[in-house]
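# sequence? don't have it. structure:
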Ligand SMILES: Nc1ncnc2c1ncn2[C@@H]1O[C@H](COP(=O)(O)OP(=O)(O)OP(=O)(O)O)[C@@H](O)[C@H]1O
């Protein structure tokens, strides 16, 4: 679904991402981890074209994004949805209006159909129908994540990019969100690219994990490979106290 080659991204003289390759396979949930500041969000933004690359290529659905025509690019953007770290909902719009926004931008469907689709997505992500008319300031953290996910799903994408979807949620809320992602993957055949620090999410929902450190990709594979990696950060992360508490040691 996505093929990243020799990616370099930086600001001024400094390179945050220093040349790596990464593939995202159809139908998988790929978890992206790494120390704070490792460039996880920067990589996500570079893949979806919100940040310029200094070098390298990004192919999505087999199309080189640098060579894509305007129409090709728009067609590809229609096939992905993004959930940003803080949800990034428009504060002056209701939940339903937020979900309708991509439909307004990318389609010519009628207001009635937009309304129906938005209400369906609200149901799909487990929000109550009444949430449709609430403004973001009236939502809890978990509801914001669900509303943002509903917006990311509004165009029935093939891929969703999630930037720390469970950050700020209590363990029960995080767990429910993880289950939702798995259900969506199973029922809609979604491919998921998920930046996360959440060890529970990595264990329960991710098929593969990509670990970023020092601008490089230091490991890609299933959890069983992560726990065996001898990089000190990987050891601490995947074999430390919190990992043991999440039951990850058992995977070693
Ligand atoms: N627009 C920008 N201008 C300059 N530097 C930036 C910009 N965006 C990100 N950076 C820098 O790039 C580095 C990587 O940031 P990024 O947000 O990708 O980290 P991260 O791995 O997602 O971290 P965290 O886990 O803390 O969210 C950081 O040092 C950050 O300061």
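That came through fine. What you see is a predicted model, and the numbers here were worked out from it, not measured in a lab.

# pLDDT averaged over the helix or strand containing residue 176 - what is it?
Per DSSP states H and E, residue 176 falls inside helix 171-188. Throughout helix 171-188, pLDDT has a mean value of 87.

# what residues sit buried inside it?
Buried residues in helix 171-188, counting neighbours by 16 or more other CB atoms under 10 Å, are found at 173-178, 180-182, 184-185. Every residue, glycine included, has its C-beta placed from N, CA and C.

# off-centre distance for that helix?
Relative to its chain's centre, helix 171-188 lies at 13 Å (CA atoms, centre = their mean, to the nearest Å).

# what does the following helix or strand past it contact?
Counting by DSSP H and E, the element after helix 171-188 in chain order, helix or strand, is strand 191-195. Contacts to strand 191-195, defined as CB atoms under 8 Å, 6 or more residues apart in numbering, come from residues 1-2, 24-33, 40-41, 44, 47, 158-165, 181, 184-185, 201, 205-206.

# what does the helix or strand that comes right after strand 191-195 rub up against?
Sequence-wise, the next helix or strand downstream of strand 191-195 (DSSP H and E) is helix 199-204. The contact list for helix 199-204 (CB under 8 Å, 6+ apart) reads 31, 33, 165-166, 171, 174-175, 178, 182, 194, 196, 209, 223, 237, 242-243, 246-248, 251.

# so which residue is smack in the middle of this structure?
Relative to the mean C-alpha position of the chain, the nearest C-alpha, by CA atoms, centre = their mean, is the one of residue 162, at 1.8 Å.

# surely residue 154 is within a helix?
No. Counting by DSSP: H, G, I helix; E, B strand; the rest coil, residue 154 falls outside a helix, being coil.

# hang on, isn't it packed against residue 99?
Yes. Applying CB atoms under 8 Å, one finds residue 154 in contact with residue 99, separated by 5.2 Å.

# quickly list what's touching both of the two.
Common neighbours of residue 154 and residue 99 (CB under 8 Å, 6+ apart) are 117-118, 121.

# and of these, the nearest to the ligand?
Set against the ligand, the nearest of these by CB to the nearest ligand atom is residue 121 (26.8 Å).

# how many other residues sit next to that closest one?
26 (other CB atoms under 10 Å).

# wait, is it part of a helix?
Yes. Counting by three-state DSSP, residue 121 falls inside a helix.

# residue contacts, the nearest residue to residue 222 once chain neighbours are set aside?
Closest residue in space to residue 222, ignoring its immediate chain neighbours: residue 208 at 5.8 Å, by CB to CB, 6 or more residues apart in numbering. Residue 208 makes contacts with 25, 28-31, 220-222, as judged by CB under 8 Å, 6+ apart.

# same check, this time on residue 165
83, 145, 149, 177, 181, 194, 196, 201.

# using a markdown table, lay out those together with distance to residue 14.
Formatted as a markdown table, those follow (distance: CB to CB, whole Å):
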| residue | distance to residue 14 |
| --- | --- |
| 83 | 28 |
| 145 | 31 |
| 149 | 33 |
| 177 | 34 |
| 181 | 33 |
| 194 | 26 |
| 196 | 25 |
| 201 | 30 |
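
# circling back to that earlier point, narrow the contacts of strand 191-195 to those that are buried.
Here, 16+ other CB under 10 Å leaves 1-2, 24, 28-33, 40-41, 44, 47, 158-165, 181, 184-185, 201, 205-206 buried among the contacts of strand 191-195.

# from those residues, which are also near the ligand?
40-41 (CB under 6 Å from any ligand atom).

# can you mark which positions in stretch 77-96 are buried?
Those buried within stretch 77-96 under the rule 16+ other CB under 10 Å are 77-78, 80-84, 87, 89, 94-96.

# cool, thanks, signing off.
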